[in-house]
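Trainee: Sharing a sequence plus its predicted fold:
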Amino acid sequence: VAIVTQAGIGVQVDPGVEYRVFTIPDGEAAKTLATIGDLCSGFARWGLTRADAVVGVGGGVVTDVAGFAAASYHRGVAVVHVATTLLAQIDAAIGGKTVWVDLDHYTPTDMLVVSADWSPDGEDVVFQVQNREQTWLDLNSADAGTGATTRLFQETTPAWVDVHGDPTWLEDGTFLWLSERSGWKHLYHYEADGTLIAQVTDGEWELRTLHGLDEDTGWVYFSGTERSPIGSDVYRVKLDGSRLTRLSEVDGTHRARFSPDFARYLDTWSDIETPPQVRVHAADGTETRVVAENRVTALADYRLSTPELLQVTARDGFVMEAMMITPPDFDPSRKYPMQLHIHGGPHGMYNVGFNFGWQDHAANGYVVLYTNPRGSTGYGSAFANEINHATEHSIELASVWLHHFTRERAIPMVPILCGPLDHS
C-alpha cells in the first residue's frame, strides 16, 4: 500500500503489512494536491504504478493511478468514486479485495457519481448518481459486501438538480434530505429504504443551511429566507413540521454556528450599514452574551453613503431586487460612471450585509449597483433555472437598469463607463 502524506502528518500502520510512505514537502503540498494533473504527475515522480492502492493522509485522497477521488472513511475502509465514475470500496489497511458497486443499469458515458457516504451501521454505501446534463439525481444504497444496488428515489428537474449534500442520519435509522422538488429548497424526512415520512418545511421560501437536529427535543435548526429572500435568518421547527419559529429578531443577514448539543449558537449578524457583530444565543433565540459588538469607530473617518434597496420591473413584469450606493456628495446634475454588479448564478445574489469595498468605490465617484437578476437564489428553483438563458437576461438586465436610472430616476450616467461586473 502506498501512502501519500504531507510533512508533519503522522501515519499509523499495521505491523506485518508492507507500506511505502511518500511525504510531500511543505512547499509542494498545496500545489501537488491542487489538481488531478498535479496529483497524477506526483504519482509518476514517485514511481507508483496502477497496482498501487494510494491513500492520501490529511488530504482525504484515495485513488489508484488511473483516477482521482474524494473519500470518506469508516472503520478503516475508504469509499471511493474515481474519475472514470466507477465506485469501489478499497480496504485502506491492507489494499486487499475490491468490491465493485453494481452500476450496470447506468450508461457509463452519461453517469456522474457525485457523492458517496456510509450508512450509520457501515453495512451500506449510500451514493448519488447524476446524468451529465444533471437533469436527474438518484440516491442509491449499495450492500458493502456484495455491491448490490438499490435506488431509494430520484430527483428530477427541467433544468438541473443541485447536490445538497449527503443524507443527515438520525439515531432511529431515518434520515433528513434537502430537495427543491416543490420549486423551493426544503427539508424532507425519510425511512432508510427511501420511503417518505413527511415534508418538514414548506412554503415559498428556501431553507439555506441545515444545522442539525436535537434528537432529545425534536427541534430541527436551520437558516433560511422565510422573512426575506435578500437576508438570512435562523429558525427551528419540530421534526413533524410543526411550530416553525424564527429565532433571529433583527433584519439583516444572520449566520449561525451551533454547539454540538444544540444548546446555544453563535450568530454573526450584519446589515447594509453595520459591520458584522457576533453574539451567543440560547437554543430558543434568547441573547446570552455579546462576543464582538465590533463598533468600528474608524468608519467615521470615511465618507460613507447609505445604501438604497430598490426594485426594478422588467418588460414582462419580472421584478428584480437590488441595492444602489451613490457617491457621498452625489449631485443629480452631474454624470457618473456606473458599476453594475451581476451574478445571477446559479445561486448568486446579494445579501443585506455590510460591504466596505462597494462603499469605497462609491466614495471614488461611482454609482454602484448590485442586483439579483433571473437565476439568483432565494426565489425558488424556477427563478434560479432562468440562468439557462443567462446571455439574453444579462443583456436585458443592463438595458433595464440603464433605462430605469437614466430615464425614470433621472440619474445621469456616462455611457462609455457603464460596466457590468461579475466573478466566481
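Mentor: Received it, and whenever you're ready, just let me know what you need. Numbers count the residues shown, from 1 in each chain.

Trainee: Show the subsequent helix or strand relative to whichever strand or helix holds residue 209.
Mentor: Using DSSP states H and E, residue 209 sits in strand 207-214. Once the chain leaves strand 207-214, the next helix or strand it forms, by DSSP H and E, is strand 219-224.

Trainee: can you pull the buried residues of the strand holding residue 209?
Mentor: By neighbour count on 16 or more other CB atoms under 10 Å, the buried set for strand 207-214 is 207, 208, 210, 211, 213, 214. Any C-beta I mention is one placed from the backbone N, CA and C, and that applies to glycine too.

Trainee: Not counting residues beside it along the chain, what's closest to the third one?
Mentor: Yep, that's residue 210 we're talking about. Excluding the flanking residues, the one nearest residue 210 by CB to CB, 6 or more residues apart in numbering is residue 222, at 5.0 Å.

Trainee: Let me see the contact set for residue 188.
Mentor: Contact analysis of residue 188 by CB atoms under 8 Å, 6 or more residues apart in numbering lists 176, 177, 178, 179, 196, 198, 199, 200.

Trainee: Now, those residues that are in strands?
Mentor: 176, 177, 178, 179, 196, 198, 199 (DSSP state E).

Trainee: surely the fifth one meets residue 181?
Mentor: I take that to be residue 196. No - the criterion here is CB atoms under 8 Å, and residue 196 misses it with residue 181 at 10.5 Å.

Trainee: Pick out whichever of those two has more residues nearby.
Mentor: In terms of neighbours (other CB atoms under 10 Å), residue 181 is the more surrounded of residue 196 and residue 181; the figures are 15 against 11.

Trainee: how about the nearest residue to that one, chain neighbours excluded?
Mentor: residue 155 (6.2 Å).

Trainee: Tell me the spacing between residue 260 and residue 169.
Mentor: 16 Å (CB to CB, to the nearest Å).

Trainee: what does residue 141 give?
Mentor: For residue 141, the distance to residue 169 - CB to CB - is 12 Å.

Trainee: okay, now the closest residue to residue 290 other than its chain neighbours: neighbour count?
Mentor: In space, and not counting its chain neighbours, residue 290 is closest to residue 279: 5.3 Å by CB to CB, 6+ apart. Using other CB under 10 Å, residue 279 has 17 other residues around it.

Trainee: Compare residue 260 and residue 169 (neighbour count), which wins?
Mentor: Neighbours were counted for residue 260 and for residue 169 using other CB under 10 Å; residue 169 has more, 18 against 6.

Trainee: Over to the more buried one: give its phi and psi.
Mentor: Main-chain torsions, residue 169, degrees, to the nearest 10: phi -80, psi 140.

Trainee: May I have the residues that are in contact with it?
Mentor: Residues in contact with residue 169 (CB under 8 Å, 6+ apart) are 119, 120, 175.

Trainee: which stretches of the stretch 151-300 of the chain aren't confidently modelled?
Mentor: Within the stretch 151-300 of the chain, not a single segment meets pLDDT under 70.

Trainee: So what pairs up with the closest residue to residue 145 other than its chain neighbours in the strands?
Mentor: Distances taken as CB to CB, 6+ apart place residue 99 nearest to residue 145, at 6.9 Å, with adjacent residues excluded. Here residue 99 sits in beta bridges with residue 89, as judged by DSSP bridges.

Trainee: Looks like residue 99 contacts residue 149 (just checking).
Mentor: No - applying CB under 8 Å as the test, residue 99 and residue 149 come out as separate, 11.6 Å apart.

Trainee: Mind checking which of those two has more residues around it?
Mentor: Using other CB under 10 Å as the criterion, residue 99 and residue 149 rank with residue 149 on top: 21 against 18.

Trainee: what's across from the more buried one in the sheet?
Mentor: Beta bridges link residue 149 to residue 142 when assigned by DSSP bridges.

Trainee: how about it, what does it touch?
Mentor: Counting by CB under 8 Å, 6+ apart, residue 149 has contacts 101, 102, 103, 105, 140, 141, 142, 143.

Trainee: Check what pLDDT it gets.
Mentor: In this prediction, residue 149 carries a pLDDT score of 94.

Trainee: So which of the buried residues of strand 207-214 is the closest to residue 111?
Mentor: Residue 111 lies nearest to residue 210 out of the buried residues of strand 207-214, by CB to CB, at 27.2 Å.

Trainee: burial of residue 371, as a residue count?
Mentor: So residue 371, with other CB under 10 Å, has 23 neighbours.

Trainee: what about the stretch 301-424 of the chain, any weak spots by pLDDT?
Mentor: In the stretch 301-424 of the chain, residues with pLDDT under 70: 343-353, 373-380, 382-424.

Trainee: can you give me the strands for it?
Mentor: 308-313, 319-325, 336-342, 367-372, 413-421 (DSSP state E, counting those that start in this stretch).

Trainee: strand partners of the strand holding residue 209, parallel vs antiparallel please.
Mentor: Partners of strand 207-214, by DSSP bridges, with direction: strand 219-224 (antiparallel).

Trainee: May I have the residues that are in contact with residue 313?
Mentor: By CB under 8 Å, 6+ apart, the contact set of residue 313 is 319, 320.

Trainee: ok, what's across the strand from it?
Mentor: What pairs with residue 313, by the bridge criterion (DSSP bridges), is residue 319.

Trainee: Now do the strand holding residue 209 and strand 175-179, the angle between them.
Mentor: Going by axes from the mean of the first three to the mean of the last three CA atoms, to 10 degrees, strand 207-214 is angled at 170 degrees with respect to strand 175-179.

Trainee: who's in contact with strand 207-214?
Mentor: 168, 170, 176, 178, 185-187, 201, 219-225, 232, 239, 256, 258, 261-262, 265, 283.

Trainee: The same query, at a cut-off of 7 Å, please.
Mentor: The contact list for strand 207-214 (CB atoms under 7 Å, 6 or more residues apart in numbering) reads 168, 170, 176, 178, 185-187, 201, 220-225, 232, 239, 256, 258, 262.

Trainee: and residue 300, which of the three is it?
Mentor: Three-state assignment for residue 300 (DSSP: H, G, I helix; E, B strand; the rest coil): helix.
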